[in-house]
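Engineer: from the sequence below, what's the structure:
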Amino acid sequence: MLVVGFPAGAFHANCYVLALGSGGECVIVDPGEGALAPVTEAIGQHRLTPAAVLATHGHVDHIHSAAELADGHGIPVWIKREDRPLLSDPAKGIGPELASAVSGSGLPLDLREPAEVGEFDDLGPLDDTGDVELAVAGLRIRVCHTPGHTPGSVVFRLRTAEGASLAFTGDTLFAGSVGRSDLPGGDVRELARSLRTTLWPLADDTVVLPGHGASTTIGTEKVSNPYFGAGGAGNGGSNE
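Structural biologist: Residues are numbered from 1 along each chain as shown. The predicted structure is shown next:
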C-alpha cells in the first residue's frame, strides 16, 4: 500500500494520500489549509487519480482545502453527518473567540460546501458496533464513529495487503496525547468512551496515523500516553 503523509499549513495538520500503489486511484484524508500543493505533487509523482476526499472530522485545519480539491477533481467529500455543517461554516466548530483569532491570522473561514458530499451515515452498518465500510479506490475502509473531539469525529481503519493494520485517528488520539474536548460540540465523557471502546481494544501493533504529530502504535500509547488508558481517560490532551 502507498501512504504519503505530510503536515500542512499553519496548523501542521497531517494530510494523507492513500492508494493500493502507484498508477491507480487514491483517497485523500484531511486536506487542510495549505494541502493543495503537496497533494497535487504527490498524485503527480505517483501517477494517481483521486477518487474521494475523506474527513476524520470537520475542523477547519482538516477540511480547509476539501472543497477545492474535490470539486477540482469531480469527486465527493465524505464526512459524518454531525460535522457536515462545518464544511461551509467552520467557525461553528471552534467558537467565536478562536474563529476571530484564526481569521485575524489570515486564514479565511468563509468556505463553501463541496459540490458532492457523502455522509458515512448513509452506509449500512457492518455489525453491532455501528461501524460502516467505505469501498473506494480499491480500498476497504472501516469507519468508526469516535465522538468527543467533535460530534462527528471518526477513525479510519484498514489492513494493508502486506498485513499491517492502520488507524487514521484524526484528532481523537495522538502520540502521547488525545484530542481536546473543550471546543463547541466536544464532550470529555464521549471522548473517554471513544478511546475505551474503539481504540483501546485494537491490536498493539496497529499503526496510528494521527491528525497532528508523529505516527505511533496502539501498544506504545497503552504504556506511555498518560491520557490513554484502559479507562479511556480523555481528561486532558492536546490543544489541537
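
Engineer: go ahead and measure how far the helix or strand of the chain with the lowest mean pLDDT is from the middle of the chain.
Structural biologist: Every helix and strand of the chain was ranked by mean pLDDT, DSSP states H and E. The lowest is helix 95-104, at a mean of 86. From the chain centre to the centre of helix 95-104 is a distance of 22 Å (Cα atoms, centre = their mean, to the nearest Å).

Engineer: buried residues, that helix. List them.
Structural biologist: 99, 102 (16 or more other Cβ atoms under 10 Å). Heads up, the C-betas are built off the backbone N, CA and C, glycines and all.

Engineer: can you tell me what sits against it?
Structural biologist: 60, 90-91, 94, 109, 183-184 (Cβ atoms under 8 Å, 6 or more residues apart in numbering).

Engineer: recalculate using a threshold of 6 Å.
Structural biologist: With Cβ atoms under 6 Å, 6 or more residues apart in numbering as the test, helix 95-104 has contacts from 91, 109, 184.

Engineer: tell me which of these fall in helices.
Structural biologist: In helices, judged by DSSP state H, none of these are found.

Engineer: quick one: buried ones out of those residues?
Structural biologist: Counted by 16+ other Cβ under 10 Å, the contacts of helix 95-104 give residue 91 as buried.

Engineer: where are the low-confidence patches of the protein?
Structural biologist: 230-240 (pLDDT under 70).

Engineer: quick one, helices of it?
Structural biologist: Under DSSP H, the chain gives helices at 36-45, 60-63, 66-73, 95-104, 188-194, 218-224.

Engineer: ok, now which ones touch the residue most central in space within the chain?
Structural biologist: With distances taken as Cα atoms, centre = their mean, the residue of the chain nearest its centroid is residue 56 (2.6 Å). Contact partners of residue 56, counting by Cβ under 6 Å, 6+ apart, are 30, 154, 170.

Engineer: quick one: contacts for residue 36?
Structural biologist: Counting by Cβ under 6 Å, 6+ apart, residue 36 makes contact with residue 65.

Engineer: 10 Å instead?
Structural biologist: 8-9, 15, 64-65, 68-69, 72 (Cβ atoms under 10 Å, 6 or more residues apart in numbering).

Engineer: what does residue 108 give?
Structural biologist: 33, 60, 64, 90, 102.

Engineer: surely the third one and residue 53 touch.
Structural biologist: Going back to what we said before, that points to residue 64. No: using Cβ atoms under 10 Å, residue 64 is not in contact with residue 53, being 11.7 Å away.

Engineer: of the two, which one has the most company?
Structural biologist: residue 53 (30 against 25; other Cβ atoms under 10 Å).

Engineer: which ones are touching that one?
Structural biologist: 15, 27-31, 39, 63, 65-71, 73, 75-79, 114, 116-118.
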